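Colleague: Need a 3D model of the following:
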Amino acid sequence: MRRITLTVLLILICSLLGASNVFALPVSTVILDAGHGGYDPGAVSYLGDEPLLEKDLTLSLAFRVGDVLKKEGSLEVLYTRTDDSFISLEQRLELANSVFPGSNSSALFVSLHFNSSPVEDPNGFEVLVKEGPRVVPFITSDSPQWRVSRFVSSRLKVTQQQLNLENLELARSVMDSFSRTFPDLRSRGVKEQDIYVLNGSLWPSILFEGGFISNTTEYRFLSDPQWLHKAGQAIAEGILDYIE
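Modeller: Model prediction:
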């Protein structure tokens, strides 16, 4: 017997209530958000001969994820930044929410980061989602027509629940893919967290923390371009697993 996921179960309940799942449309667009940039270096590691900057790692990783996704042909990949520029959190969210994926399509938002700690021990990767009770403002006074058309007929409470479940499905898919690729790397799991770019995103969204640059072992991984290439492929495959 097939296992019915929570997402499928909620869709069935919503259909009985007359509320459609606006996130069930095929994904046509993936927005990749390389954290930090410009005068904001993010976390910095001094474990090697030269400082290792989170902002450089996130941009490199975003391009690697994007390259794999583009090979699918049908997906459009957008970046919040493509160079060493500072982009505010407000600008990142505004860009993501301004994307119109098409009347019969949906989008995803994936923010890429790396962790750091003042002590050596913390290690592993984790996937973050917004806190469940956080209410996304699907329609505002200045919303474009496509946004009004998409969300005006949906029931706010049900739509919020649908988005929360889609966030979890996306997070678990990416986490599982990364764990398969790097079985020896500790998975810190999926966690809800108060994160600006996730709290207001219209689309299923995650923030991926790809390891600790403050940990000597993980520093060696992160400073290896071949490891980053595999990491980008693992994240992209997790995204594609979710889409499929």
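
Colleague: Spit out the contact partners of Pro144.
Modeller: Remark: with contacts taken as CB atoms under 8 Å, 6 or more residues apart in numbering, Pro144 is in contact with 98, 100. All C-beta spots, glycine's among them, are computed from the backbone N, C-alpha and C.

Colleague: can you rerun that using 10 Å?
Modeller: Applying CB atoms under 10 Å, 6 or more residues apart in numbering to Pro144 gives the contacts 97-98, 100, 150.

Colleague: what's around the nearest residue to Lys130 once chain neighbours are set aside, how many residues?
Modeller: Excluding the flanking residues, the one nearest Lys130 by CB to CB, 6 or more residues apart in numbering is Leu198, at 3.9 Å. Leu198 has 22 neighbours, counted by other CB atoms under 10 Å.

Colleague: you'd agree Leu198 is up against Val129?
Modeller: Yes: between Leu198 and Val129 a contact is recorded at 6.5 Å, counting by CB atoms under 10 Å.

Colleague: any shared contact partners between these two?
Modeller: 167, 192, 205-207.

Colleague: between those, which is nearest Ser141?
Modeller: Minimum distance to Ser141 across the shared contacts of Leu198 and Val129 is 22.8 Å, recorded for Ser205 (CB to CB).

Colleague: Do I have it right that the closest one meets Tyr196?
Modeller: No: contact criterion CB under 10 Å: Ser205 and Tyr196 do not qualify, at 11.2 Å.

Colleague: joint contacts of these two?
Modeller: 93, 111, 130.

Colleague: I'd guess the first one is in a helix, am I close?
Modeller: Yes: when DSSP: H, G, I helix; E, B strand; the rest coil is applied, Leu93 is found to be in a helix.

Colleague: measure it to Val127 for me?
Modeller: Leu93 sits 19 Å away from Val127, going by CB to CB, to the nearest Å.

Colleague: Looking at these two now, which is surrounded by more residues?
Modeller: When Leu93 and Val127 are compared on other CB under 10 Å, the one with more neighbours turns out to be Val127, at 27 against 21.

Colleague: so what strands line up beside the lengthiest strand in the chain?
Modeller: Secondary structure of the chain read by DSSP state E shows that its longest strand is strand 106-115. According to DSSP bridges, strand 106-115 forms sheet pairs with strand 27-34 (parallel), strand 205-212 (parallel).

Colleague: Return the most buried member of the ones you listed.
Modeller: Among the strands paired with strand 106-115, the stretch with the highest mean neighbour count (mean count of other CB atoms under 10 Å) is strand 205-212, at a mean of 26.

Colleague: For that strand, what does the pLDDT average out to?
Modeller: For strand 205-212, the mean pLDDT works out to 97.

Colleague: Likewise for stretch 80-93?
Modeller: The model assigns stretch 80-93 a mean pLDDT of 98.

Colleague: Show me how far that stretch is from its chain's centre.
Modeller: A distance of 15 Å separates the C-alpha centroid of stretch 80-93 from that of its chain, computed with CA atoms, centre = their mean, to the nearest Å.

Colleague: how long is it end to end?
Modeller: Start-to-end span of stretch 80-93 (CA to CA, to the nearest Å) is 9 Å.

Colleague: what's the answer for stretch 63-78, then?
Modeller: Calculated as CA to CA, the first-to-last residue distance of stretch 63-78 is 10 Å.

Colleague: What of stretch 151-162?
Modeller: For stretch 151-162, the end-to-end distance is 13 Å (CA to CA).

Colleague: circling back to that earlier point, tell me which element the residue nearest to Lys130 falls in.
Modeller: helix 196-199 (DSSP states H and E).

Colleague: Give me the helices and strands touching that helix, please.
Modeller: Contacts defined by 3 or more CB pairs under 10 Å, 6 or more residues apart in numbering; DSSP states H and E place helix 196-199 against helix 89-98, strand 106-115, strand 125-130, strand 205-212.
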